[in-house]
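> Next comes the sequence, and after it the predicted model I'd like to discuss.
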Amino acid sequence: MVAILGFNKDQITAAVQDMYAAVAASPVQYFHFPVGRSAASAVGYPDDWLDRLPEQTVASFAGVGYPFRAEVIRPGDTVLDVGCGAGCDALIASQLVGADGKVWALDITPDMVAKLRETLKAEGIHNVEVIEADAERIPLPDNSVDVVTSNGALNLVPDKRKAFAELFRVLKPDGRVQIADIVIARPVPLGGKSDPELWAECVVGAAIDEDCLEQFREAGFTDVEVLNEHDYFDHSPSADTKRIAGMLGARTMELRMLRPAEAHAPAYLARLARRLDPRRLSRVTDRGLWGVVAALAAVIACYGTLAVVGLLSLLGLGLALDEGLWALTIAGGAVLAMLATGVNLRRHGQGWPLALAVLGAGIIVYVMFVQYNQLAEIVGFVILLSAVGLDVYAVYRAECVPKRGERQAVSRSSEAAHQAGE
Ligand SMILES: C[S@@+](CC[C@H](N)C(=O)[O-])C[C@H]1O[C@@H](n2cnc3c(N)ncnc32)[C@H](O)[C@@H]1O
């Protein structure tokens with residue numbers, strides 16, 4: 001259950017490092033995402049910029065957009081490239097800032113860091129320094145960089161709020177940000193985020209577009225502007241990745257924003273207040289979670305009320321409980337959970353969750369209104385909770401996990417096409 005409910009940061013970091021070690025070492029092999037010069041051209045890098053970069057650097061390009069569209073880097077700036085990979089953007093930034101400027105190139109994958117260090121040595125580039133570190137803990141002092149640039153890395157970071165707060169911390173007042181990254185239009189169904197491979201392919205780790213912009217504002221950034229959006233996954237050689245990206249509405253956003261001159265990072269309570277936005281309830285619908293909410297409400301109405309009544313009576317306080325209303329609330333929650341499971345049927349086409357929900361809710365209604373039996377009541381709740389759990393899992397399987405054998409089959413055929421140079 002833990003595996004389908006969330007993600008494990010260590011597994012995701014390991015999957016990201018494996019994936020990008022391969023992009024560093026042998027970029028010509030097959031990947032589910034576009035890599036190399038054609039990928040850079042497709043997202044908007046002008047040929048004359050690419051011509052000025054070392055071939056091995058461009059070959060390992062794995063960015064998702066063209067952050068330089070923001071045009072925020074000036075001669076003499078100190079720039080931080082977060083998730084620099086083989087270093088295309090760091091090397092472009094090094095030319096933009098010139099000899100008086102400096103570029104910090106940060107990445108979590110040791111092989112990418114090693115590749116960029118070799119390039120810098122071979123090319124005699126002195127204004128770029130490489131840091132092997134996590135974007136969630138940037139080893140640079142406060143107020144130390146003029147510009148943050150990032151391309152395709154932040155969607156891979158498990159704790160985005162922490163990373164955004166780090167970007168804010170290291171930027172000087174009036175600092176500027178240019179970012180190209182993946183966002184999604186719909187939430188990843190529950191459990192989808194626990195697939196480290198899909199995460200490393202820049203799909204399921206991405207934030208929802210509006211959330212992503214809101215999280216930057218929450219971190220203290222202002223003037224958050226979307227400069228361009230495009231369908232990055234359209235260039236993916238994998239039909240499997242395209243299908244999942246299409247279902248989630250995944251695409252690239254190119255952003256520009258500012259770290260204001262006077263402001264400090266907002267206080268925790270201010271950030272929390274922004275998060276409690278009622279519009280976020282739509283996630284419950286998108287993830288197909290109404291069944292879980294209703295079933296839990298029924299359980300709480302039943303045993304929570306019992307606990308409160310018991311506690312009050314221990315304290316010597318009697319509570320007059322309208323048993324009819326109480327039973328109606330419990331049965332109502334159970335029936336709503338059953339109906340929500342029925343609504344999800346069109347999303348996954350599996351009859352089992354609904355059949356179980358009808359059984360569980362039926363037992364609960366029976367014990368509430370026909371003949372009470374405590375054991376039957378518990379059995380009813382166990383069946384209902386299993387039904388809503390299976391239902392959410394079925395939504396996840398249908399909308400996020402590649403169909404059985406599809407990933408392998410698609411990988412093989414796409415790989416063959418790739419090798420044949422198609
Ligand atoms: C999609 S690649 C893009 C690389 C590079 N920006 C480019 O345009 O070619 C993402 C990069 O982010 C790095 N990365 C992923 N998670 C990171 C993290 N938590 N901290 C720092 N770098 C990270 C990966 O190692 C990888 O090199």
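That came through fine.
> Pull the distance from whatever helix or strand Ala24 lives in to the chain's centre.
Ala24 is part of helix 9-25 when elements are defined by DSSP states H and E. In this view, helix 9-25 has its centroid 16 Å away from the chain centroid, taken as C-alpha atoms, centre = their mean, to the nearest Å.
> packing partners for it?
helix 110-123, helix 196-200 (3 or more C-beta pairs under 8 Å, 6 or more residues apart in numbering; DSSP states H and E). C-beta here means a position set from N, CA and C on the backbone, and glycine is covered the same way.
> just so I know, which of those helices lies nearest the ligand?
Among the helices and strands packed on helix 9-25, the nearest to the ligand by C-beta to the nearest ligand atom is helix 110-123 (4.5 Å).
> re the thing from before, of the helices and strands packed on helix 9-25, which shows the lowest average pLDDT?
Ranked by mean pLDDT, these bottom out at helix 196-200, with a mean of 75.
> helix or strand right after that helix?
For helix 196-200, the following helix or strand on the C-terminal side (DSSP H and E) is strand 207-208.
> any residue of that next one up close to the ligand?
No. Taking C-beta under 6 Å from any ligand atom as the criterion, strand 207-208 and the ligand are apart, separated by no less than 14.0 Å.
> you'd agree Glu218 is up against Tyr268?
No. With contact defined as C-beta atoms under 8 Å, Glu218 does not count as touching Tyr268 (10.6 Å).
> Tell me which of the two has more neighbours.
A count of neighbours by other C-beta atoms under 10 Å puts Glu218 above the other of Glu218 and Tyr268, at 20 against 8.
> which ones are touching that one?
By C-beta atoms under 8 Å, 6 or more residues apart in numbering, the contact list for Glu218 reads 161, 164, 266, 271, 274-275.
> if we can go back for a sec, and the average pLDDT for the helix holding Ala24 is what?
For helix 9-25, mean pLDDT rounds to 91.
> Report all helices and strands that the helix or strand following it contacts.
Scanning forward in sequence from helix 9-25 by DSSP H and E, the next helix or strand is helix 37-43. The elements that helix 37-43 packs onto, with contact taken as 3+ C-beta pairs under 8 Å, 6+ apart, are helix 47-51, helix 55-59.
> Out of the ones you listed, which gets nearest to the ligand?
helix 55-59 (8.6 Å).
> Burial check on the closest residue to Gln17 other than its chain neighbours, number of neighbours?
Leaving aside its chain neighbours, Gln17 sits nearest to Thr109 (4.7 Å; criterion: C-beta to C-beta, 6 or more residues apart in numbering). By other C-beta under 10 Å, 24 other residues sit near Thr109.
> This protein against the ligand: which residues are in contact?
16, 20, 61-63, 83-86, 88-89, 106-109, 112, 134-136, 151-153, 156-157, 202.
> Need the winner for burial among the helices and strands packed on helix 9-25.
Compared across those, helix 196-200 shows the largest average neighbour count, a mean of 22 (mean count of other C-beta atoms under 10 Å).
> helix/strand/coil for the closest residue to the ligand within the stretch 251-400 of the chain?
With C-beta to the nearest ligand atom, the shortest gap between the stretch 251-400 of the chain and the ligand falls at Thr252, namely 11.0 Å. Put simply, Thr252 is strand when judged by DSSP: H, G, I helix; E, B strand; the rest coil.
> is it true that it touches Val64?
Yes. Contact criterion C-beta under 8 Å: Thr252 and Val64 qualify, at 4.8 Å.
> Arg74: what's it in contact with?
If you count contacts by C-beta under 8 Å, 6+ apart, Arg74 has them with 96-97, 146.
> before we move on, back to that, for the residue nearest to Gln17, give me the backbone phi and psi.
phi -100, psi 110 (degrees, to the nearest 10).
> show me where pLDDT drops low in the stretch 201-350 of the chain?
Within the stretch 201-350 of the chain, the set of residues satisfying pLDDT under 70 comprises 202, 275-286, 319.
> Let me see the ranges of the strands in it.
Here the stretch 201-350 of the chain has its strands, by DSSP state E, counting those that start in this stretch, at 207-208, 222-230, 251-258.
> got the CA coordinates for the longest one in CSV?
It stands for strand 222-230. The C-alpha trace of strand 222-230 is given here as CSV (Å, rounded to 0.1, in the frame of the first residue of the first chain):
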residue,chain,number,x,y,z
THR,A,222,7.0,37.9,-8.4
ASP,A,223,6.2,38.7,-12.0
VAL,A,224,5.9,35.0,-12.8
GLU,A,225,5.4,35.0,-16.6
VAL,A,226,4.7,32.1,-19.0
LEU,A,227,6.7,33.0,-22.1
ASN,A,228,6.0,29.9,-24.2
GLU,A,229,4.4,26.5,-24.0
HIS,A,230,4.9,23.5,-26.3
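> roughly how far apart are Gly36 and Glu229?
Noted for Gly36: a distance of 23 Å to Glu229, by C-beta to C-beta, to the nearest Å.
> actually Pro67, not the one I wrote
Remark: distance between Pro67 and Glu229 (C-beta to C-beta) = 13 Å.
> Of these two, give the one with the bigger neighbour count.
Pro67 (30 against 14).
> on that earlier part again, what would the contacts of Arg74 look like in TSV with neighbour count and secondary structure?
TSV is the format used below for the contacts of Arg74 (neighbours: other C-beta atoms under 10 Å; DSSP: H, G, I helix; E, B strand; the rest coil):
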residue	neighbour count	secondary structure
Leu96	19	helix
Val97	22	helix
Asp146	21	strand
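> can you redo these as a markdown table with pLDDT?
Compiled in a markdown table, the contacts of Arg74 are given as follows (pLDDT from 0 to 100):
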| residue | pLDDT |
| --- | --- |
| Leu96 | 98 |
| Val97 | 98 |
| Asp146 | 98 |
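> which of those residues lies closest to the ligand?
Of these, the one sitting nearest to the ligand (C-beta to the nearest ligand atom) turns out to be Leu96, at 15.5 Å.
> Now do the contacts for that closest one.
73-75, 77, 79.
> out of these, who has the most neighbours?
When neighbours are taken as other C-beta under 10 Å, the top entry among these is Val79 (28 neighbours).
> counting contacts, what elements does the helix or strand harbouring it pack onto?
Following DSSP H and E, one finds Val79 within strand 78-82. Of the remaining helices and strands, those touching strand 78-82 by 3+ C-beta pairs under 8 Å, 6+ apart are helix 88-97, strand 102-107, strand 145-151, helix 160-170.
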